[in-house]
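*Asks:* A structural model of the following input is requested.
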Amino acid sequence: MPRAGTSRSQRQPSQILTQRNGRSQQRVEDDDDEDIVAQNYVDEAEPGPDDTSIDLKKRAINLVRLALFQEQRRMPLRRDEISKKVMGSQRGAFKAVFEEAQSVLRSTFGMELVELPTRAATHDAAGGSMGREKAGTQNGEEGGDRQAVTGLKKKAVSQGSKTYILRSTLDPMIIERAASTNKRILEAEAADAPDDVNDTEPGVRTYGSLIAWNTADQLATLGILHVILALILVSGKVISDMDLRALLRRLRLRPPTQLALPAHTPHRTLTFDAYLIQLQRQGYLDRTRIGGAGGTSQKRGRGRGSGTTQQGGGGGDDSDVAWEWRWGPRAAAEIGEAAVARFVAEFMAERASRGGGGGGAGGAGGRAQREEAQKRLAALLKGVERAAGGDLSGVTV
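*Replies:* Model (predicted):
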């Protein structure tokens, strides 16, 4: 009898351990995609002298994988994530691993990692009222060597954001050609498409271009993002929440509006307010409190380096608080004010040309018509620049 009691007490710790291991294993299996991708990134074994180059390439490839994964989610990649998931105990080799990863990204994918500007630098470049003396730098490793965003030849007092995104290195002309419709490609796609396909469903329509838009970005929400950025730009690069929502209501974009997403995404629809929150998390937009306790709203932000101050779509318990919208660091680094200004000017010029009639396309008449269109486009660009309140910047380097 005593033996039975002893064996039962000896079995209890092993049973508890087994249960704990089972729960922890289930917890790992139920974890999100980010943690799954991060598994086995870090090899803590100390490399020998002959294994240094092999270890460097391995960590660089792991960094490339992590960067591509974050880009697919449209989320910025933070320096501490790289240190934890790629570098491990070899954090002193960050610069060498980063440069090797950049070489792989440029030569294989036509992309590169660029550091986002700090929130203060983004506001300063946009003519914000705060932080003109706090101009940030764009590259954390070479911060002291770069000129401040304001253009003043003085040392930057704030470091880079240590947050990175992937950006294309391809020539814009190549991208434009690849995105244009080709008749032969369009016919081939139409022949391969099933007969019972609903062409209006997101992610199903064919475009006849080398870039497969129907399986790539979410075009509808991407278009809404550019419209929002354009409204902010032509409002002097900052717009109140009330004014922005009034303009968006005219486009039938209200907080509960359901935005359709492609079939390959986890969720088929997203409310407009949820989309605004997502844009803040991704760093495309920045929403800040105006008047009163502006500093406290900064502390309430998530502080993930994407430049967001306060996250939330609006409405609810903060209806008595005034907010304003600006471009986020990612919009400045990935899209650029000049590109959005041209988008607005070309849209307006196209609408004006539709109302003006066709006219002859050949000879001197066609040349005069093209020259008139170029003059109209240049005038519209000047108008957008005046509405923005100053010079328009391209993508930040």
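*Asks:* going forward, measure contacts between C-alpha atoms and count neighbours the same way
*Replies:* Will do.
*Asks:* remind me which residues of the chain are low pLDDT?
*Replies:* 1-51, 125-159, 193-205, 214-217, 263-264, 292-320, 355-365, 396-397 (pLDDT under 70).
*Asks:* Show me where it has its strands.
*Replies:* 77-78, 111-115, 163-168, 239-240, 258-260, 269-271, 285-289, 323-327 (DSSP state E).
*Asks:* Out of the ones you listed, indicate the one that is most buried.
*Replies:* strand 285-289 (a mean of 25; mean count of other Cα atoms under 10 Å).
*Asks:* tell me the angle of that one relative to strand 323-327?
*Replies:* 150 degrees (axes from the mean of the first three to the mean of the last three Cα atoms, to 10 degrees).
*Asks:* Just list what strand 285-289 packs against, helices and strands only.
*Replies:* Strand 285-289 sits against helix 272-282, helix 294-300, strand 323-327, with contacts defined as 3 or more Cα pairs under 8 Å, 6 or more residues apart in numbering; DSSP states H and E.
*Asks:* now that strand and helix 272-282, what's the angle there?
*Replies:* 100 degrees.
*Asks:* List the strands paired with strand 285-289, with their directions.
*Replies:* strand 323-327 (antiparallel) (DSSP bridges).
*Asks:* Alpha carbons of the partner strand, as CSV, please.
*Replies:* C-alpha atoms of strand 323-327 as CSV (Å, rounded to 0.1, in the frame of the first residue of the first chain):
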residue,chain,number,x,y,z
TRP,A,323,-8.4,65.4,-34.2
GLU,A,324,-6.5,66.1,-37.3
TRP,A,325,-5.0,63.8,-40.0
ARG,A,326,-1.6,64.0,-41.7
TRP,A,327,0.4,61.7,-43.9
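*Asks:* residue ranges of the helices in the stretch 51-200 of the chain, please?
*Replies:* Assigned by DSSP state H, counting those that start in this stretch, the stretch 51-200 of the chain shows helices spanning 52-72, 79-82, 94-104, 119-125, 172-179, 183-192.
*Asks:* Could you dump those helices into CSV and include mean neighbour count and distance to residue 213?
*Replies:* Converted to CSV, these look like this (neighbours: other Cα atoms under 10 Å; distance: least, Cα to Cα, whole Å):
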stretch, mean neighbour count, distance to residue 213
helix 52-72, 19, 14
helix 79-82, 16, 30
helix 94-104, 18, 25
helix 119-125, 24, 30
helix 172-179, 12, 8
helix 183-192, 13, 13
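*Asks:* what's the closest of these to residue 274?
*Replies:* Smallest distance to residue 274 across these (Cα to Cα): 18.6 Å, for helix 52-72.
*Asks:* so what secondary structure elements neighbour the closest one?
*Replies:* Helices and strands touching helix 52-72, as assessed by 3+ Cα pairs under 8 Å, 6+ apart, comprise helix 33-38, helix 94-104, strand 163-168.
*Asks:* Swap in 6 Å and give it another go.
*Replies:* Applying 3 or more Cα pairs under 6 Å, 6 or more residues apart in numbering; DSSP states H and E, we find helix 52-72 packed against helix 94-104.
*Asks:* My guess is residue 165 contacts residue 75. True?
*Replies:* No - Residue 165 is beyond contact range of residue 75, at 7.7 Å (criterion: Cα atoms under 6 Å).
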